[in-house]
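Visitor: prediction below, plus the sequence it came from.
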Amino acid sequence: MSDIQIVDAPPGVEGAGFFATSLDKAIGLARSHSLWPLPFATSCCGIEFMATMGSHYDFG
């Protein structure tokens, strides 16, 4: 059903809010579900690019 392996938590960190995964998997998940393109510029061109891309994926 799921390809996520469930592992036992180490002693002392059991309970709600504990999530065991590698940092690479967490970063990959964040990158694949990001709504905004990478802000590669901080000048006016980068802001205009982000505003242009934002209108294509606007929810409201």
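Guide: Received the coordinates, thanks.
Visitor: quick one: low-confidence parts of the protein?
Guide: Low-confidence segments of the chain (pLDDT under 70): 1-2, 14-20, 35-44, 46, 55-60.
Visitor: which helix or strand contains residue 10?
Guide: Using DSSP states H and E, residue 10 sits within no helix or strand.
Visitor: phi first, then psi, for it.
Guide: phi -60, psi 160 (degrees, to the nearest 10).
Visitor: count of neighbours near it?
Guide: Residues near residue 10, counting by other C-beta atoms under 10 Å, number 9. Any C-beta I mention is one placed from the backbone N, CA and C, and that applies to glycine too.
Visitor: tell me how far it lies from residue 53.
Guide: Per C-beta to C-beta, to the nearest Å, residue 10 is found 42 Å from residue 53.
Visitor: ok, residue 6 next?
Guide: Per C-beta to C-beta, residue 6 is found 37 Å from residue 53.
Visitor: between the two, which is the more surrounded one?
Guide: Each of residue 6 and residue 53 has its neighbours counted (other C-beta under 10 Å); residue 53 has more, 12 against 6.
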